[in-house]
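Q: Predicted model, plus sequence, below.
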Amino acid sequence: MIVPLDTTRTTAGDPGTDEVAVPRRTDPPDGPAPDASLLSVEGLRVRFGGREVVHGISFSAHRGRCLAIVGESGSGKSVTARTLVGLTGGDSRVSADRITLGGLDLTRQSERAWRGIRGKEAGFVLQDALVSLDQLRKVGAEVAEPLRLHGVGTRASRKAKAIELLASVGVPEPEVKARQRPYELSGGLRQRTLIAGAIALDPPLLIADEPTTALDVTIQAQILDLLIEAKERGRAIILISHDLSVVARLADDIAVMKDGEIVEQGPAHEILRHARHPYTQALLDAVPSEHTRGQRLVKPAPGAAGPPPVRTRKAVERDRPVLDARHLTKVYTGPDRIDRTVVDDVSFELFQGETLGIVGESGSGKTTTARIALSLIAPTAGEVLLHGRPWSSLTRAQRRPLRPRIGVVYQDPLSSFDPRWPVGRILTDALATGPTPPSSRAEARGRAVRLLEQVGLREEHFGSAPLRLSGGQRQRVAIARALAPEPGVIVCDEPVSALDVSIQAQVLDLLTDLQDELGVSCLFISHDLGVIHHMSDRILVMKDGRVVESGTADDVFERPRHDYTRRLLTALPRVSQA
């Protein structure tokens, strides 16, 4: 029998929003059997309008174990996760043969009852830390919100608990960060804030939707250790992730989703070492690492024609740097009125046709360094030269005609687009700033379409709104926009951190192909060591605002000299298919 499942609707104005109902349990008085699964899902279907996006899937989560649900964007994995906490949305239709959580029948819960379940029975870490937090509320209040809604403690004790939770997920200076607002924190710190709120009430089930996407490798390791500790305390974990290296470290069981169906399911070691489904094997092949350096990540289907698997790189021209950073320093004054040096005497050179990777933890200063290189912010000391001429020391008016020479691809392309503009307007606007602006509307459209084709999109995307595109398509538009003014340098700031592994592979292959074709230089910022090793010719390792190690990619990864670099490499999770 298919039973309708209540879905979430907007709660603004609901009576009793801050109150929770006691959910109805169906287990006997002495509780479920000790070896029973905590969560059991049978025949789950989710429909939006006339389109079914989850097609009758079944799985279970057990106490003391982690189930990883893996798949590409659009596979249905995040919709599945949100369904388990009643957050699919008011326009959805959810049905299932059976969904139980620790004796609770989740097919028969009202919205008021769901508010009693979320946070206490099931914690949920949302996927997008960049937009999931209330930007007007202080971080401490965000973390303490589950405690307040469930009537736990006093205001003072909740405040102290929030600081303790922030510290437990690796937030530095938690007393200071608790008084800040989310927009004042880095992406990694915002992600940790979400995790701190999800574990506030120590629920028996923790559902984590891409919980390590914005985290550097050492903080990622701390979060994984935290989740492993929760498993050891008997908590059940459902991990939604595209990062198979994270899955390999944490998961006991894996369910692989594609197009709303589970195509492969079983013990993690079996799936990772002996994947049976071609889709699962393609996901494993797309993971960037030291073994993929110099090769394409996207492999053609068996028997299909495609580009050669090994890249042919042009020689890097080292006669004069195209971007030259000299002794950069940046000092900020915090909310406590204390000056903090976030970039400390950083120097580097970027040469024609080269990729220079900058890697480091959240807060290491790598993004601030990139923003100084772009002259979006001014250094407190030091200077940047672009093509051998002053850049950072120029006034805004002096810099304006030179700005097309350096492009940028941001971590979150959607936030960098004008939401009122379609793709065509975004690209034609960028073309107008180049050295040879289009002379007519027809020429502008033709050149914009060629840019779309160059990044693997089609003319039909010219009129599309960015909001209607997938994450990978939006990132391709961002790359096309960066290329439009024909720059000599492109700064990529975490350009693939929010993409699933197969789309990430496509974008990385695209960037390297375009670099080989056009000869552009790339300053590549990332916390992902596998991506950095795959992409970079040379690498800078940053810690606490300083460069602690630099060298060729192979030297840094295979023969690290600094203890911090060795610690990063030790913390790096890896997929083992041996």
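A: Arrived safely, thanks for sending. Note that the structure is a prediction, hence the values are computed from the model and not measured.
Q: how about low-confidence regions in the stretch 51-200 of the chain?
A: 127-130, 187 (pLDDT under 70).
Q: Keeping just the C-alphas, turn the longest helix anywhere in the chain into CSV.
A: Assignment by DSSP state H gives helix 501-518 as the longest helix of the chain. The C-alpha trace of helix 501-518 is given here as CSV (Å, rounded to 0.1, in the frame of the first residue of the first chain):
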residue,chain,number,x,y,z
VAL,A,501,32.7,14.5,-9.2
SER,A,502,31.6,13.8,-12.8
ILE,A,503,30.7,17.5,-13.5
GLN,A,504,33.9,18.5,-11.7
ALA,A,505,35.9,16.2,-14.1
GLN,A,506,34.3,17.8,-17.1
VAL,A,507,35.0,21.4,-15.9
LEU,A,508,38.7,20.5,-15.0
ASP,A,509,39.2,18.9,-18.5
LEU,A,510,37.6,22.0,-20.1
LEU,A,511,39.9,24.4,-18.2
THR,A,512,43.0,22.5,-19.2
ASP,A,513,41.9,22.2,-22.8
LEU,A,514,41.2,25.9,-23.0
GLN,A,515,44.5,26.7,-21.4
ASP,A,516,46.4,24.5,-23.9
GLU,A,517,44.4,26.1,-26.8
LEU,A,518,44.6,29.7,-25.8
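Q: helix or strand right after that helix?
A: Proceeding C-terminally, helix 501-518 gives way to strand 521-526 as the next helix or strand, assigned by DSSP states H and E.
Q: who touches residue 507 in this structure?
A: Contact partners of residue 507, counting by Cβ atoms under 8 Å, 6 or more residues apart in numbering, are 472, 475, 476, 479, 495, 496, 499. (Each C-beta comes from the backbone N, C-alpha and C, glycine too.)
Q: Please confirm that the second one is located within a helix.
A: Yes. Residue assignment for residue 475, taken from DSSP: H, G, I helix; E, B strand; the rest coil, places it within a helix.
Q: Pull the number of nearby residues for it.
A: Neighbours of residue 475 under the rule other Cβ atoms under 10 Å: 28.
Q: That one against residue 497, yeah?
A: No. Between residue 475 and residue 497 there is no contact under Cβ atoms under 8 Å: 10.4 Å.
Q: low pLDDT regions in the stretch 251-400 of the chain?
A: Applying pLDDT under 70 to the stretch 251-400 of the chain flags the ranges 301-315.
Q: okay, now the domains of this structure?
A: Domain segmentation of the chain under automatic domain parsing yields 133-202, 323-571.
Q: need these in a markdown table with distance to residue 220, can you?
A: As requested, the domains of the chain are arranged in a markdown table below (distance: least, Cβ to Cβ, whole Å):
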| stretch | distance to residue 220 |
| --- | --- |
| domain 133-202 | 9 |
| domain 323-571 | 7 |
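Q: Can you say which of these is nearest to residue 232?
A: domain 133-202 (13.2 Å; Cβ to Cβ).
Q: Now do the end-to-end distance for that closest one.
A: 20 Å (Cα to Cα, to the nearest Å).
Q: would you list every one of the strands in the stretch 351-500 of the chain?
A: 355-360, 381-386, 389-390, 406-409, 489-493 (DSSP state E, counting those that start in this stretch).
Q: With distance to residue 327 and mean neighbour count as extra columns, can I get these in JSON lines?
A: What follows is the strands of the stretch 351-500 of the chain, written out as JSON lines (distance: least, Cβ to Cβ, whole Å; neighbours: other Cβ atoms under 10 Å):
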{"stretch": "strand 355-360", "distance to residue 327": "16", "mean neighbour count": "26"}
{"stretch": "strand 381-386", "distance to residue 327": "4", "mean neighbour count": "18"}
{"stretch": "strand 389-390", "distance to residue 327": "15", "mean neighbour count": "12"}
{"stretch": "strand 406-409", "distance to residue 327": "20", "mean neighbour count": "24"}
{"stretch": "strand 489-493", "distance to residue 327": "19", "mean neighbour count": "23"}
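Q: Alright, I will stop here.
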